[in-house]
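Enquirer: have a look at this prediction, sequence included:
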Amino acid sequence: VSTQSTGRRGQALLNQGHFEQFVELYGTHYLRQKAYGGKLILLIKVRSETESEKRRVDEKLKRAAGYIGRDTEFRKKMGEVARAGQCKLELFTLGGDPYTGSLSNLTELLEYVLNFSSTVSHSDQVRTLHFNAVWNLPGIPPAFRQFVFSSQKYTDRIMNIYSDLREVQTTISDISLLKKQDLDSLSDEKHNKIQNIRVCLTSYQ
């Protein structure tokens, strides 16, 4: 119920027992929560020419594993990894503010990574939706609950399908993020199928 007048109209339909008309206008569920989110992948590719260099890089990576936070220790560990060999950085993001700096500037890039989560709230990347049933709202007549419960298995099925489709859309976005990159394990044929699914999902929204 988005406005006071709409709320009064809906309540009047319930009070008069016009349940079918109420469901046709307002449905059986309402959006309770919309969860925004983002995804960030930072690839650090370190080239080592000799076996000793490889061991040195591996050791630095082991020491850096698990460090993430708003502190100088994370920057220090990543700096040690970068200095251990010829380093190439690649950044992939969904949601949040875009990175506008240079990938060769490790200090600036790490600052962006550490602050990425705080920019996700400004994003329109919806990750999940949560719904509540209308019959759980205060003031709903018991007769309406009985009316809805007769077809609850169908309404629940519809809501579950919708939630599953949202999860598919989120997964497709994550997969497409790494298309043609080193972490991409899918063939062009599979990516084409994923794109067709994305088009279909968009048309049903």
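Expert: Perfect, I can see it now.
Enquirer: what is the rounded mean pLDDT of the helix ranked longest in the chain?
Expert: Counting by DSSP state H, the longest helix found in the chain is helix 152-177. What helix 152-177 shows for mean pLDDT is 79.
Enquirer: please apply the same query to stretch 102-109.
Expert: For stretch 102-109, mean pLDDT rounds to 82.
Enquirer: ditto for stretch 128-145
Expert: Rounded mean pLDDT across stretch 128-145 is 84.
Enquirer: before we move on, the earlier item: distance between the longest helix of the chain and the chain's centre?
Expert: Distance of helix 152-177 from the chain centroid (C-alpha atoms, centre = their mean, to the nearest Å) equals 12 Å.
Enquirer: list the buried ones in it?
Expert: Across helix 152-177, burial judged by 16 or more other C-beta atoms under 10 Å covers 155, 159, 166, 169-170, 175, 177. The way it works is simple: take the backbone N, C-alpha and C, and place the C-beta from them, glycine included.
Enquirer: over to stretch 104-120?
Expert: When burial is assessed from 16+ other C-beta under 10 Å, stretch 104-120 yields the following buried residues: 106, 109-110, 112-113, 116, 120.
Enquirer: what of stretch 24-44?
Expert: Buried residues in stretch 24-44, counted by 16+ other C-beta under 10 Å: 26, 28-29, 37-40, 42, 44.
Enquirer: show me where this protein has helices.
Expert: Using DSSP H, the helices of the chain run over residues 4-15, 19-26, 51-64, 72-83, 106-119, 142-149, 152-177, 188-204.
Enquirer: just put those helices in a markdown table and tack on distance to L89.
Expert: What follows is the helices of the chain, written out as a markdown table (distance: least, C-beta to C-beta, whole Å):
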| stretch | distance to L89 |
| --- | --- |
| helix 4-15 | 51 |
| helix 19-26 | 50 |
| helix 51-64 | 14 |
| helix 72-83 | 8 |
| helix 106-119 | 6 |
| helix 142-149 | 54 |
| helix 152-177 | 16 |
| helix 188-204 | 24 |
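Enquirer: those helices: which one's closest to L91?
Expert: helix 106-119 (6.8 Å; C-beta to C-beta).
Enquirer: by contact count, what packs against the closest one?
Expert: For helix 106-119, the packing partners by 3 or more C-beta pairs under 8 Å, 6 or more residues apart in numbering; DSSP states H and E come out as strand 39-47, helix 72-83, strand 86-94.
Enquirer: how about the nearest residue to the residue positioned nearest the centre of the chain, chain neighbours excluded?
Expert: The residue lying closest to the centre of the chain (C-alpha atoms, centre = their mean) is R127, at 3.2 Å. Once flanking residues are discounted, R127 sits nearest to G37: 3.7 Å by C-beta to C-beta, 6 or more residues apart in numbering.
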